[in-house]
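Student: predicted coordinates and the sequence they were generated for:
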Amino acid sequence: MTPAAAPARDLTGMTVAPFVAAVFVSAGLVFLLQPIATRLVLPTLGGSPAVWNTAMVFFQAALLAGYLYANLMQRIGRVELQVAVHLALLALAALSLPLAITGVTGDPDPARPIGWLLGTLALSLGAPLTILSATAPLIQAWFARAQPGRNPYALYAASNLGSFLALLAYPLLVEPLAALDVQRLGWTLGYGAFVSLVFWLGWTLRSGRTTAAGTDGSLPTSPPLTWRERGALVLLAAAPSSLMLGVTAHISTDVASAPFLWVAPLALYLLTFVLAFRDRPWPPLHVTLVLQSAAVAVAVIFIAFRTGEWLLLVVTNLTAFTLTALLCHQRLAGRRPPPDRLTEFYLWISLGGVMGGAFTALVAPVLFDAVWEYPLVLVLVGLARHWGRGALGRVERIALFLAIPIALTPPVLLEMMRYNIDFLPQIRGEPLMRLSALILGSAAIGAFLLRDRALLFVLVLGLMGWSSQHISRGYDWAWSERSFFGVMRVARTPDAGLGGEAHVLMHGTTLHGAQSLAPSQRCRPTLYYTPQTPLGQAVQQTQARVPDTRIAVIGQGAGALAAYVGPRDRLTFYEIDPMVDRLSRDSRWFSFISYCAEGPVTTVLGDARLSLRDVPGDSYDVLVVDAFSSDAVPTHLLTVEAIAEYLRVVSDEGTVVLHLSNRNLEITLPAQAAAQTLGVPALHQIYFEQSGGGLSEASTEALILSPTEAGIAPFRGDGRWRQLAETEVRPWTDDYVNLVGALWRSLVR
């Protein structure tokens, strides 16, 4: 007699704990991997925000591959077979652990870094990242079969909560407390724990059947998504993805190129998923629409304005970005299909994320000579708002009638100033900027009143954004060019201290050099490089005691230090951005190198850390580290290992000068701590400009070091240099950087 078949297990009452734990841990691992991976690659491509944005495109592509895999897995009818395949691929991906950057691709070419970065990340991290990325949609599909009738999309909120907490933990806990090797080991152990969670979940689901979903565990079939619906999903996902990278570049240009700032937009982006995909979304969509319209209108006013209140700009832009992303994600959540289309739904969202990220990180730098993509997308997302029906109301007509001419008023005022129409002679410079902001504020009120008329809302915001860009340039740009490493601009501006007009080189809001166009002042070093500043003092002191001075400079800028090069001296610049080298050697803009330098001046392209590895010891008499990334020194150039390398390539009586001027980070103490760790003498100086502004000089902070006491001795007798008291701040190393501490010290200082 044939035994009766075993009854199907009823899983409808099983706990959701294994599902939540698995998606939570997998998401946390994925989004811890991103800042760790960027830290691993930092020493090869410097600290540009573009490194993070390009890496983000890779992460989004891996997510798309994972979601495609999860969608294809649904063709396997039995859940236990899906679990077995997933466990096998997790084990296979583990062969690439522990985390490390492969050396197969060699060193990057500074002229073509994107292909190298994407290829290196794919070979180094692609397998575990892709398989982990597939976990969230897979487990939600399994949950839909095990718990029919319950909302599987709530697990997506749990997944994004894990991602959000992981990203917050990195800058606040992981980076300050754990060295990079410990981070890599911890991540590997977490991966092993996650595999155990999947095994536990698979064991719980081993029957592959539920009494409610059918004997084979299948779900009721719903109509397929239309292409129009798929297109809407892609666009709604692409916009916040593009904005996330755009706002990252916008806010990190003038603070620091560092994971603790890069992760903030990504963390907020994930938080909006958590809020939008809850069982009860919060805040309600109608509240989001009101808040988003106000926040975006304010952000557009200041989108191109420059102010020393960087915290205000960061908060304004992050608020507008967060509410805009929340709006898009709430629209996505409202379009969720039935559970049998769940993995396809996530596949289209992931495709949109890749397209938005690729547009901002890869396409926009080719199309635009400045960061236009961020304000452009921020304004165009207004099309996702209500379009309105019927004739305009009275308030709407008045708002439209007034908002358009008001939005266009600031550029008209600026043109009047240029053509010397001086009926308002006192409105110039900073007062003009403040007046323009006030005028645009009035236009923003009009935009807010038109918030339920998408086309008109976008029209007014677009005009406001154009006006903001037009009046906030500060200079008349003679040249603007964009590369992987950022936007560089050359402007012509009058400066009384330099005897007339001068050319300035800017990256973001930071001056990278200036040169007078007056023949008598042409070869006068300016800004941080004048003879009175610590940098000028160090070069001149070395030239006074070493007849044939060998000078090295990390960071080329406009090439101002070349003005010190005498007939028997030689200077080597180490510059990561080929565009900077080209601009500084173009006599249309700057001639410190081509005209003022009397001895040879060469440039070595690439990251200085990599380039110096091939330089013999005792190659230079003075090395100046002036590697600004807008207003921050890339962190990997201030570690103990980096400073040891600088000291290696200078002579025993040579000096290393670290330019530490910074508006937002206190980086002197970590540099001093590195000198203490290496046991080398160091002196500190802050020079305060005497001219009261202008381009002729700039306040400068520097630390000077030498391999021996003999090298530092000439500076000890100079009262401008002083010995700092020993610090207890932990030195930065290639394994440890604490930028949160640097920001905090700057704030309390």
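Tutor: All right, it came through fine.

Student: for Glu653, the count of nearby residues, please.
Tutor: Per other C-beta atoms under 10 Å, the neighbour tally for Glu653 reads 18. Glycine gets a C-beta too; all of them are placed from N, C-alpha and C.

Student: that one reaches Thr708, doesn't it?
Tutor: Yes. Using C-beta atoms under 8 Å, Glu653 is in contact with Thr708, at 6.3 Å.

Student: for Thr272, give its distance to Leu311.
Tutor: Going from Thr272 to Leu311 by C-beta to C-beta, to the nearest Å gives 22 Å.

Student: do Val263 as well
Tutor: 17 Å.

Student: mind listing the helices for the stretch 451-600 of the chain?
Tutor: For the stretch 451-600 of the chain, helices defined by DSSP state H, counting those that start in this stretch occupy the ranges 454-471, 534-545, 578-585.

Student: I'd like to know which elements the second one is packed against.
Tutor: In this case it means helix 534-545. In terms of contacts (3 or more C-beta pairs under 8 Å, 6 or more residues apart in numbering; DSSP states H and E), helix 534-545 is packed against strand 620-625, strand 650-659, strand 682-687, strand 700-705, helix 709-716.

Student: for Ala84, find the nearest of those.
Tutor: Ala84 lies closest to strand 620-625 among the helices and strands packed on helix 534-545, at 54.5 Å (C-beta to C-beta).

Student: how far away from the center of its chain is that closest one?
Tutor: The chain centroid and the centroid of strand 620-625 are separated by 30 Å under C-alpha atoms, centre = their mean, to the nearest Å.

Student: same check, this time on stretch 59-76
Tutor: Relative to its parent chain, stretch 59-76 has a centroid offset of 26 Å by C-alpha atoms, centre = their mean.

Student: want to throw the helices and strands packed on helix 534-545 into a markdown table with mean pLDDT and distance to Pro634?
Tutor: Output for these, formatted as a markdown table (pLDDT from 0 to 100; distance: least, C-beta to C-beta, whole Å):
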| stretch | mean pLDDT | distance to Pro634 |
| --- | --- | --- |
| strand 620-625 | 96 | 10 |
| strand 650-659 | 94 | 12 |
| strand 682-687 | 94 | 20 |
| strand 700-705 | 94 | 16 |
| helix 709-716 | 92 | 25 |
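
Student: looking at these, which is buried most?
Tutor: Sort these by mean neighbour count, taking mean count of other C-beta atoms under 10 Å, and strand 620-625 sits at the top with a mean of 26.

Student: tell me which element Asp735 falls in.
Tutor: In this structure, Asp735 sits in neither a helix nor a strand according to DSSP states H and E.

Student: hey, which helix or strand in the chain has the poorest pLDDT?
Tutor: Least confident helix or strand of the chain, by mean pLDDT, DSSP states H and E, is strand 476-483 with a mean of 77.

Student: in it, what's buried?
Tutor: Across strand 476-483, burial judged by 16 or more other C-beta atoms under 10 Å covers 479, 482-483.

Student: and which of those residues is nearest Pro365?
Tutor: The closest of those to Pro365 turns out to be Arg482 (C-beta to C-beta; 5.3 Å).

Student: and that closest one, how far from Met488?
Tutor: Distance, Arg482 to Met488, by C-beta to C-beta: 8 Å.

Student: other SSEs contacting the lengthiest helix in the chain?
Tutor: Counting residues, the longest helix found in the chain (DSSP state H) is helix 17-45. Using 3+ C-beta pairs under 8 Å, 6+ apart, the elements in contact with helix 17-45 are helix 49-73, helix 113-133, helix 135-146, helix 154-169, helix 180-204, helix 259-276, helix 608-612.

Student: which of these sits closest to Gly382?
Tutor: Nearest of those to Gly382, taken as C-beta to C-beta: helix 259-276 at 17.1 Å.

Student: tilt between the closest one and helix 49-73?
Tutor: Angle, helix 259-276 to helix 49-73, by axes from the mean of the first three to the mean of the last three C-alpha atoms, to 10 degrees: 40 degrees.

Student: quick one: buried residues of the helix or strand following helix 259-276?
Tutor: Sequence-wise, the next helix or strand downstream of helix 259-276 (DSSP H and E) is helix 285-301. Neighbour-count burial for helix 285-301 flags 288-289, 291-301 (criterion: 16+ other C-beta under 10 Å).

Student: now these in TSV, with pLDDT and distance to Arg150?
Tutor: Output for those, formatted as TSV (pLDDT from 0 to 100; distance: C-beta to C-beta, whole Å):
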residue	pLDDT	distance to Arg150
Thr288	95	26
Leu289	95	29
Leu291	96	31
Gln292	96	31
Ser293	95	35
Ala294	95	37
Ala295	95	35
Val296	95	36
Ala297	93	40
Val298	92	41
Ala299	91	39
Val300	90	42
Ile301	86	45
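
Student: starting at the chain centroid, how far to stretch 199-208?
Tutor: In this view, stretch 199-208 has its centroid 41 Å away from the chain centroid, taken as C-alpha atoms, centre = their mean.

Student: what's the answer for stretch 541-560, then?
Tutor: Relative to the chain's own centre, stretch 541-560 is displaced by 32 Å; criterion: C-alpha atoms, centre = their mean.

Student: that one: end-to-end distance?
Tutor: 17 Å (C-alpha to C-alpha, to the nearest Å).

Student: okay, buried residues for it please.
Tutor: Buried residues in stretch 541-560, counted by 16+ other C-beta under 10 Å: 541-543, 546, 549-560.

Student: tell me which two of these sit farthest apart.
Tutor: Across the buried residues of stretch 541-560, the longest distance by C-beta to C-beta is 25.2 Å; it joins Val546 and Ala558.

Student: coming back round to it: out of Val263 and Leu311, which sits in the busier spot?
Tutor: Shown here are Val263 and Leu311; by other C-beta under 10 Å, Val263 has more neighbours (26 against 11).

Student: return the residues in contact with that one.
Tutor: Under the criterion of C-beta atoms under 8 Å, 6 or more residues apart in numbering, the neighbours of Val263 are 34-35, 167-168, 170-171.
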